[in-house]
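1. Based on what follows, work out the 3D shape:
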Amino acid sequence: MKGRSHSRKPAPQAAPKPTTSPLTSPMTLEIEKVVAGGQGLSRSEKGVVLVAGALPGERVQAQVHETQGVFRGKIVQLERAHPERKTPVEPLPTADLAHASYPLQLEIKRGLVQDALRRIGRLEAEIDQTVSSPHEWGYRNGAQYLITPQGLAYRQRRGHQPWLLPRDHQGLPHDPMVMQAVGQVIARLDTALLSPAREIALRGSRHSNEVVATLIGEGHTRQYLRAADALLDAGVVGVTLAQPAGRRFSAGVQLITGEREITEQLGDVLVSISASGFAQVNPEAAGLAYRLATKLAGSGKVAVDLYGGSGAIARHLAPHFEQVVVIDSAGEALRRGQHDVQHSVPAGQQPASNVRFVHGDATLLPDCDVLVVDPPRAGLDAQAREAVARSSAYRLVYVSCDPATWARDVGVLTREGWSLKQVTPYDFYPQTSHVEVVSLLERE
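-> Have a look, this model is predicted:
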């Protein structure tokens with residue numbers, strides 16, 4: 001209770017147990033493969049050791065720590081290097097495979113999908129070669145940064161200090177992962193003028209070469225007029241404000257000035273995107289994947305795009321089906337999709353009048369010939385897997401951003417009468433260990 005005095009000191013608290021315990025001397029480790037998170041896996045008398053920055057076939061001396069029951073290693077000496085090891089363009093915290101040549105990155109990502117299918121899905125299947133990104137660097141059309149007194153910075157995991165963006169040869173901040181239009185805004189921006197914002201999200205378009213921004217901070221939009229002016233001077237065409245929230249942008253977004261959305265091309269369709277809404281950050285790579293998903297889906301009377309968002313995949317399907325139904329629980333994405341299907345139409349194309357948008361989940365799954373699912377990282381929940389199993393669909397196109405949850409779901413579905421026919425990894429995120437999967441299942 002406030003204001004109450006105590007005559008006795010509180011009982012001493014037990015010291016927290018350390019979560020990291022260093023092992024005394026470096027260990028010599030042989031790296032078997034790269035696993036999720038871009039770490040090299042090795043085996044020692046203590047068990048599995050995950051070594052940051054190691055590549056398959058390498059022998060390293062590593063200082064090993066036990067962190068929350070997991071042995072993790074840091075290379076102190078490279079005794080035998082992989083022939084395709086290289087020096088990264090920039091040491092970025094998100095670029096956990098930048099020390100591997102790009103062909104080796106593609107090989108590693110195919111291995112991640114194969115390993116997940118075997119370990120988690122308990123299945124053996126032929127995995128296609130990973131489809132490369134059209135750009136190895138400068139591919140991201142969106143990024144979110146902390147605003148610090150020293151400038152923009154990446155937020156690091158596990159409680160590490162923010163990682164300031166590197167400087168180019170002119171001394172200007174730059175991020176080699178983002179597209180040119182976003183990079184130009186970063187270089188021109190005076191971050192001292194962004195107060196009281198805590199973070200900033202930028203989204204650009206290769207199609208229009210425009211950039212929009214969302215400031216993240218507490219308060220009213222009028223408190224951010226100076227920050228908005230600074231962003232307009234740096235080249236953005238619109239600025240919005242989002243209040244800090246536990247879940248990204250869940251507290252709503254308010255327009256401060258200019259445009260809320262810009263137009264991007266994904267494969268064969270145009271979509272509206274914003275700095276605060278979900279959109280694929282590598283639109284050209286995503287377009288390639290959506291074209292394959294369309295080919296695998298084939299044709300028929302009714303197709304359903306579950307977790308369809310604003311309907312980019314559905315609009316690819318529209319010419320091949322009498323009706324396409326988009327189902328998603330994100331109202332903002334559905335509203336954008338309803339607008340885009342009528343107004344964001346490439347030259348020479350007609351609006352897709354056979355695409356219908358439904359707010360809901362897998363429980364609303366109608367009868368269909370083909371089902372396309374593109375779930376979030378958590379994959380299909382039990383309810384969605386059950387809905388897929390009892391659906392009338394004879395073909396299922398599963399698009400995934402997480403090989404582990406994809407493999408779990410595919411394993412379950414194959415035991416419920418589906419057969420895995422094709423698996424194609426796509427590289428949406430060069431220089432990182434993330435990989436997308438486009439796969440086809442059919443009823444046995």
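2. Neighbours of Val437, how many?
-> 26 (other C-beta atoms under 10 Å). Glycine gets a C-beta too; all of them are placed from N, C-alpha and C.
3. where does it land in three-state SS?
-> Three-state assignment for Val437 (DSSP: H, G, I helix; E, B strand; the rest coil): strand.
4. How about the contacts made by it?
-> 113, 398-400, 403, 406, 423-426 (C-beta atoms under 8 Å, 6 or more residues apart in numbering).
5. how does it look with 10 Å?
-> 109, 112-113, 116-117, 127-128, 130, 289, 398-403, 406-407, 410, 423-426 (C-beta atoms under 10 Å, 6 or more residues apart in numbering).
6. repeat for Leu288
-> Counting by C-beta under 10 Å, 6+ apart, Leu288 makes contact with 131-134, 266-267, 282, 424, 426-428, 438.
7. Any chance of a PyMOL selection covering the buried ones in the residues you listed?
-> For the buried members of the contacts of Leu288, the matching PyMOL selection, counting by 16 or more other C-beta atoms under 10 Å, is:
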select buried, resi 131+132+133+266+267+282+424+426+427+428+438
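8. Let me know the pLDDT of Pro16.
-> Note for Pro16: predicted pLDDT of 45.
9. can you tell me which of the contacts of Val437 are in helices?
-> 109, 112-113, 116-117, 289, 403, 406-407, 410 (DSSP state H).
10. would TSV of those residues with pLDDT and distance to Ser42 be doable?
-> Output for the ones in helices among the contacts of Val437, formatted as TSV (pLDDT from 0 to 100; distance: C-beta to C-beta, whole Å):
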residue	pLDDT	distance to Ser42
Lys109	98	20
Leu112	97	17
Val113	98	21
Ala116	97	19
Leu117	98	22
Ala289	98	33
Pro403	97	21
Trp406	98	26
Ala407	98	23
Val410	97	28
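11. Which neighbouring elements make contact with the top strand by length along the chain?
-> When the chain is scanned for its longest strand (criterion: DSSP state E), the result is strand 70-80. Packing partners of strand 70-80 (3 or more C-beta pairs under 10 Å, 6 or more residues apart in numbering; DSSP states H and E): strand 27-35, strand 39-44, strand 47-52, strand 59-67.
12. That one pairs with which strands, and in what direction?
-> strand 47-52 (parallel), strand 59-67 (antiparallel) (DSSP bridges).
13. where are the low-confidence patches of the chain?
-> 1-24, 157-160, 250-251 (pLDDT under 70).
14. Would you map the helices across it?
-> 102-119, 180-188, 225-234, 283-297, 312-317, 331-343, 382-390, 403-414.
15. what's the angle between the second one and helix 225-234?
-> When you say that, I think you mean helix 180-188. 120 degrees (axes from the mean of the first three to the mean of the last three C-alpha atoms, to 10 degrees).
16. tell me which residues in helix 180-188 are buried?
-> Residues of helix 180-188 classed as buried: 181-187 (neighbour count, 16+ other C-beta under 10 Å).
17. residues making contact with that helix?
-> So helix 180-188 is contacted by 138, 140-143, 145, 151-152, 165, 167-168, 170, 172-178, 200, 202-206, 208-213, 230-231, 233-236 (C-beta under 10 Å, 6+ apart).
18. about what we covered before: can you put the helices of the chain in CSV and add distance to Ile262?
-> Putting the helices of the chain into CSV (distance: least, C-beta to C-beta, whole Å) gives the following:
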stretch, distance to Ile262
helix 102-119, 29
helix 180-188, 10
helix 225-234, 14
helix 283-297, 12
helix 312-317, 15
helix 331-343, 12
helix 382-390, 32
helix 403-414, 31
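19. Tell me which of these is the most buried.
-> Neighbour counts (mean count of other C-beta atoms under 10 Å) averaged over each of these peak at helix 312-317, with a mean of 28.
20. so Glu58 makes contact with Gly40?
-> Yes - Glu58 is in contact with Gly40 according to C-beta atoms under 10 Å; the separation is 6.9 Å.
21. Need the overlap of contacts for these two.
-> Here Glu58 and Gly40 share the contacting residues 29-32, 51, 75, 82, scored by C-beta under 10 Å, 6+ apart.
22. Farthest-apart pair in those residues, please.
-> Glu32 and Ile75 (15.4 Å; C-beta to C-beta).
23. And for the closest residue to Gly219 other than its chain neighbours, the neighbour number?
-> Using C-beta to C-beta, 6 or more residues apart in numbering and skipping residues adjacent in sequence, the residue nearest Gly219 is Pro196, 6.3 Å away. Counted with other C-beta under 10 Å, the neighbours of Pro196 add up to 13.
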